[in-house]
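[1] I need the structure of the sequence given here:
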Amino acid sequence: MNKQISRVGFLIIFLSLVLIISSSYWQFFQVSVLQADARNTRQLYNEYDHKRGDILVDGKAIAYSEKTMDEFEYQRKYTDGELYSAVTGFYSISNKADRGLEAAQNSYLDGSADIFWLDKIINSFAGRNQIGGSIETTISSKLQKVAWDSLGNRKGAVLAMDPKTGAILAMVSKPAYNPNDLAIHNSAQAANTYSKLARGLESPLINKTISALYPPGSTFKVIDSAAAISSGEYNKDTSIPSPQFYRLPGTITDLPNYNKEICSSSGNQSLLDALRISCNTAFAMLGVKLGQVNLASQANSFGVGKEFILANAQNSLALESSPSVFPKNLTDDKLALASIGQGDVKFTPLQDLLISAIVANNGKLAYPYLVKDIKDPSGKIVKQFSSSQYSDQFNNPVISYDVAQQLNIMMQSVVQRGGAFNAQIPGVIVAGKTGTAQTTEGAIPHAWFTGFAPADNPKIAVCVLVEDGENDPTGASASAPVAKRVIQAALQ
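    Here you go, the predicted model:
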C-alpha cells in the first residue's frame with residue numbers, strides 16, 4: 001500500500017513540475033511568439049492593461065502612460081510632442097509602437113525584454129501586471145529647444161552630437177507632428193490621422209535627420225580634402241588648379257564656380273584656400289585626379305553606405321539611418337560632379353554630421369547613439385550604453401591624426417575667413433563647412449552647415465540642413481546661424 005502511495009505521489013510531483021516548466025516556457029520564453037500570433041485577439045487589450053515605461057530627457061518624462069477609465073487602461077501622453085517627435089515616435093492603437101524610441105525600445109518600454117525576467121516571474125506569481133522599464137536618452141533638453149526654435153518654420157533638420165562620446169544631443173526634424181494626435185483611444189480616428197500625416201513627399205512622420213537623403217553639396221569637399229591629404233601627395237598648403245570654369249571631361253559643359261566667381265587670379269590656390277572659399281572647379285578637378293576608387297574608399301571610411309543603429313532592443317525594430325550613397329561606375333564628368341556633392345551623391349544629415357565629428361575627434365569615429373541607459377520600474381539602472389559598444393564595427397581610425405589636424409585648420413579658415421562667417425562666435429574658435437546643394441532645375445537649393453567647436457578642444461559637432469534655403473539659399477546665410485546658436489547654447 002505504501003509503495004502505491006509513493007508512486008502516486010511521485011507522479012503528482014512529476015506532473016506538477018511538467019506543468020510549471022511548460023507554463024513558464026510559454027509565459028516567459030515564448031511570449032513574443034504568442035504576442036505575434038494573429039489569432040491572439042486579446043493582444044491589443046493586453047498591451048494597454050499595464051503601464052508602459054517612460055522616455056526621459058534630462059530625467060524628465062517626454063513620453064509616459066496615464067491611467068484612464070475606458071476599456072484601455074492606460075493612455076500614452078507626450079510632453080512637448082512636436083518638439084521631440086523625431087526622438088520618441090509614437091504608440092498608437094492603430095499602429096502600435098511606431099518609429100523613434102517607441103519602436104526601437106519597445107521591449108524595454110513594455111517590460112517584455114529578457115532583462116526584466118525576474119520582475120516578470122515575481123509579478124506573475126503575485127498576480128500583478130508587468131510594468132515597463134524607462135529609457136533615459138542622450139538628448140539635452142536645452143539644445144533640443146534651441147535647435148527647434150532656431151530652425152523656426154523652415155523645413156529641414158538639426159543634429160548635434162558630442163564628437164568624443166557619440167552621444168546625440170539634439171535631433172530635430174521639420175515639419176514635425178504631434179504624437180498625442182496618434183495616441184488617442186479611437187482607432188478609426190487614429191488611423192485616419194496617420195493616413196493624413198503619411199501622405200505626400202513632405203510627410204512629418206519622416207525623421208529627416210536619419211532617413212531622408214539629400215545631395216550634400218560643398219560639405220563633401222571635406223571628404224575630397226581628406227582623400228587628397230591621406231594620399232601623401234597633398235597637404236593643406238599644396239597648390240591646386242582653380243580656374244573660373246572647368247570643362248567636364250568628355251562633354252561640352254563648363255562647370256562654373258558659385259555665381260561664376262573667380263577663385264584665384266592666378267588660376268591656382270592652396271588646398272586650404274580652395275576649401276575656404278569653396279571653389280567648385282578646384283575640387284571637381286581634384287576629384288577626377290584622385291579617381292573614383294580613392295574617393296569612394298574615403299567616403300566609405302566616413303560611413304557612407306553604412307546603416308548606423310542609434311538604438312535597438314530585443315524583438316524591437318532598430319532605430320537606424322538610411323545608408324548614404326556615393327555612386328559607382330562613374331564617368332569622369334559624373335565623378336567631377338560627385339566631388340562637389342552633386343549628381344547622384346546622397347547624404348543623410350547624420351552622415352554630414354559625422355564628417356565634422358570625425359575631424360573633431362582627431363580622425364576617429366565615436367559611434368552615434370541615442371539611449372543612455374535603461375531603468376527598471378523601481379528606477380534602478382539595469383543597462384547602460386556607450387559608443388564603445390559599437391567599436392568593433394570601426395576598429396581603425398577613419399583618417400590619421402595628422403590629416404584630421406590639417407582638416408581642422410582648414411575648416412577653421414572656412415568660418416574665420418570664408419563662407420561660414422555667420423558661424424563665428426566671439427572668444428570661440430569654430431570649424432565648419434557650408435554647402436549649397438542644387439536639386440532640380442529652377443528649384444531653390446538646399447543649404448547645409450556641418451561643424452564643431454571649440455576647434456582646439458571640441459565639445460559639440462552640429463549639422464544643419466535647411467531645405468529650399470529661402471531668399472539666399474546658401475549654408476552661410478540659412479544654416480550657419482542655426483548652428484551658431486546651438487553651439488553657443490552647448491558651451492554656455
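
[2] Name the residues of stretch 423-436 that are buried.
    The neighbour-count check on stretch 423-436 (16 or more other C-beta atoms under 10 Å) flags 423, 428-436 as buried. C-beta here means a position set from N, CA and C on the backbone, and glycine is covered the same way.

[3] ok, now stretch 234-242?
    So stretch 234-242, judged by 16+ other C-beta under 10 Å, has buried residues 234, 236, 240-242.

[4] Give me the residues contacting that stretch.
    225, 228-229, 263-264, 267-272, 274, 279, 281-282, 285-286, 406-407, 409-410 (C-beta atoms under 8 Å, 6 or more residues apart in numbering).

[5] For ChimeraX, write the selection for the buried entries among the residues you listed.
    The ChimeraX command for the buried members of the contacts of stretch 234-242 (criterion: 16+ other C-beta under 10 Å) is given here:
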select :225,228,229,263,264,269,270,271,272,274,279,281,282,285,286,406,407,410
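
[6] Can you flag which of the contacts of stretch 234-242 belong to strands?
    Under the assignment DSSP state E, those contribute 268-270 to strands.

[7] Relative to residue 168, which of these is nearest.
    The nearest member of the ones in strands among the contacts of stretch 234-242 to residue 168, counting by C-beta to C-beta, is residue 270 at 35.0 Å.

[8] Can you pull the phi/psi pair for the closest residue to that closest one other than its chain neighbours?
    Spatial nearest neighbour of residue 270, excluding adjacent residues (C-beta to C-beta, 6 or more residues apart in numbering): residue 237 at 5.1 Å. With angles defined as degrees, to the nearest 10, residue 237 sits at phi -100, psi 0.

[9] What separation is there between residue 237 and residue 265?
    18 Å (C-beta to C-beta, to the nearest Å).

[10] for residue 76, same thing?
    From residue 76 to residue 265 the distance is 63 Å (C-beta to C-beta).

[11] who's more crowded, the two?
    Using other C-beta atoms under 10 Å, the more surrounded residue of residue 76 and residue 265 is residue 76, with 25 against 7.

[12] Correct me if wrong, but the more buried one is in a helix.
    No. Using DSSP: H, G, I helix; E, B strand; the rest coil, the secondary structure at residue 76 is strand, not a helix.

[13] That one against residue 67, yeah?
    No. Counting by C-beta atoms under 8 Å, residue 76 stays clear of residue 67, with 11.8 Å between them.

[14] Let's see the pLDDT reported for residue 258.
    We note a pLDDT of 84 for residue 258 in this prediction.

[15] let me fix that: residue 241
    For residue 241, the pLDDT comes out at 97.

[16] chain center to stretch 422-431: distance?
    How far stretch 422-431 lies from its chain's middle: 25 Å, per C-alpha atoms, centre = their mean, to the nearest Å.

[17] That stretch: end-to-end distance?
    Start-to-end span of stretch 422-431 (C-alpha to C-alpha, to the nearest Å) is 12 Å.

[18] Could you list which of the contacts of stretch 234-242 belong to helices?
    225, 228-229, 271-272, 274, 281-282, 285-286, 406-407, 409-410 (DSSP state H).

[19] Of those, which is the nearest to residue 101?
    Out of the ones in helices among the contacts of stretch 234-242, the member with the shortest distance to residue 101 (by C-beta to C-beta) is residue 407, at 33.2 Å.

[20] ok, and the closest non-adjacent residue to that closest one?
    residue 359 (4.7 Å).

[21] follow-up on the earlier one: with pLDDT, secondary structure and distance to residue 335 added, can I get the buried residues of stretch 423-436 in JSON lines?
    Output for these, formatted as JSON lines (pLDDT from 0 to 100; DSSP: H, G, I helix; E, B strand; the rest coil; distance: C-beta to C-beta, whole Å):
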{"residue": "423", "pLDDT": "96", "secondary structure": "helix", "distance to residue 335": "30"}
{"residue": "428", "pLDDT": "98", "secondary structure": "strand", "distance to residue 335": "37"}
{"residue": "429", "pLDDT": "98", "secondary structure": "coil", "distance to residue 335": "34"}
{"residue": "430", "pLDDT": "98", "secondary structure": "coil", "distance to residue 335": "31"}
{"residue": "431", "pLDDT": "98", "secondary structure": "strand", "distance to residue 335": "27"}
{"residue": "432", "pLDDT": "98", "secondary structure": "strand", "distance to residue 335": "26"}
{"residue": "433", "pLDDT": "98", "secondary structure": "strand", "distance to residue 335": "20"}
{"residue": "434", "pLDDT": "96", "secondary structure": "strand", "distance to residue 335": "22"}
{"residue": "435", "pLDDT": "94", "secondary structure": "strand", "distance to residue 335": "18"}
{"residue": "436", "pLDDT": "89", "secondary structure": "strand", "distance to residue 335": "20"}
